[in-house]
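> sharing a sequence plus its predicted fold:
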Amino acid sequence: MAEIRLADPSGFCFGVKRAVDGVYEKLSSGRPIYTYGPIVHNETVVSDLENRGVKVIEDKETLIGTDFEPDSCVIIRAHGIGRDIYSILEEKGCEVDDFTCPFVKRIHDIVLEESGKGRNIVIVGNPAHPEVIGICGWCDGPVTVVRDEKEAESLEISGEITIVAQTTFQHKKFTQIVEIINEKGYNANVVNTICSATKDRQDAAEVLSRSADAMIVIGGSASSNTRRLYEIASANCPNTVCVQKPEDLKEYKLPESVKLIGITAGASTPQNIIEEVQKYVRGIDF
Ligand code: SF4
């Protein structure tokens with residue numbers, strides 16, 4: 001029987017766990033519950049919550065068009081939201097339960113303060129990501145999102161700038177982008193706002209996948225940090241699969257020579273799914 005080893009850390013990060021636990025706790029109130037965006041990039045969790053009556057407001061336009069039942073509560077996920085969304089929620093008279101991750105809230109505070117001083121804000125990240133959209137909504141002046149080295153090279157801003165990062169951005173890539181911007185002669189105030197939860201999971205996956213004969217990455221298809229874990233693991237270990245739930249392993253076939261099976265999970269994968277996959281793998285007849 002092959003040894004099964006779980007990467008440490010893996011699975012839910014602090015901010016996502018806090019938000020998901022918050023929704024489950026709120027369910028006991030019996031009130032109409034909404035989340036602004038899916039609470040986590042994990043279809044199993046989101047559909048479980050939907051089955052319990054939680055509704056997802058997909059975007060700003062949907063929010064504007066929603067007629068809330070009396071006593072409705074809207075839960076803000078760890079990614080956070082911009083000030084415009086808080087204003088709409090206030091106008092609609094909804095109670096807001098805010099589970100913006102404190103590490104994301106810190107970025108909101110930084111960009112608000114720095115843009116208030118007249119500095120241009122540069123966010124290194126994905127402009128389409130809800131966290132980045134939320135951060136833009138806290139800037140009181142010009143804001144530019146730079147997603148890669150090419151965009152950094154073509155950056156043209158007049159005046160002083162403050163640079164922050166999307167919390168899940170790759171550390172090495174952030175450093176390279178900052179170097180490019182600095183070489184352009186800007187007087188940049190750089191605040192590295194990358195959260196260590198992502199890097200810690202990537203480092204653990206890197207170490208484990210170097211010695212494993214097979215790797216299982218657990219996470220949702222929409223989760224960018226799960227995709228990154230898969231890239232890291234498959235670069236070191238060709239026998240790597242990505243699954244969302246134990247049943248996805250039905251077709252999983254491995255040679256008898258496999259001695260160590262490594263398991264890792266994205267920051268949006270709950271503990272119970274990790275345990276179910278471990279249990280399933282223990283039951284596979286290799
Ligand atoms: S990855 Fe970091 S910043 Fe993002 S929710 Fe988790 S703990 Fe918060």
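Received it, and whenever you're ready, just let me know what you need.
> could you tell me which residues of the stretch 151-286 of the chain lie near the ligand?
Applying C-beta under 6 Å from any ligand atom, one finds that the stretch 151-286 of the chain approaches the ligand through 167, 168, 195, 197, 198, 267. Bear in mind the C-beta positions are built from the backbone N, C-alpha and C, glycine included.
> list the residues that contact the residue of the chain at minimum distance from the ligand.
When C-beta to the nearest ligand atom is the measure, the chain has its nearest residue to the ligand at residue 15, with 2.6 Å between them. Contact analysis of residue 15 by C-beta atoms under 8 Å, 6 or more residues apart in numbering lists 78, 99, 101, 102, 103, 104, 195, 197.
> then the host helix or strand of it to PDB, C-alphas only?
Mapping residue 15 onto the secondary structure by DSSP states H and E places it in helix 14-27. C-alpha atoms of helix 14-27 as PDB (Å, rounded to 0.1, in the frame of the first residue of the first chain):
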ATOM      1  CA  PHE A  14      -7.800  31.900   7.400                       C
ATOM      2  CA  GLY A  15      -9.800  34.500   5.400                       C
ATOM      3  CA  VAL A  16     -11.800  32.000   3.400                       C
ATOM      4  CA  LYS A  17     -12.600  29.800   6.400                       C
ATOM      5  CA  ARG A  18     -13.800  32.800   8.400                       C
ATOM      6  CA  ALA A  19     -16.200  33.900   5.500                       C
ATOM      7  CA  VAL A  20     -17.500  30.400   4.900                       C
ATOM      8  CA  ASP A  21     -18.100  29.700   8.600                       C
ATOM      9  CA  GLY A  22     -19.800  33.100   8.800                       C
ATOM     10  CA  VAL A  23     -22.400  32.100   6.200                       C
ATOM     11  CA  TYR A  24     -23.100  28.800   7.900                       C
ATOM     12  CA  GLU A  25     -23.500  30.500  11.200                       C
ATOM     13  CA  LYS A  26     -25.900  33.100   9.700                       C
ATOM     14  CA  LEU A  27     -28.100  30.400   8.300                       C
END
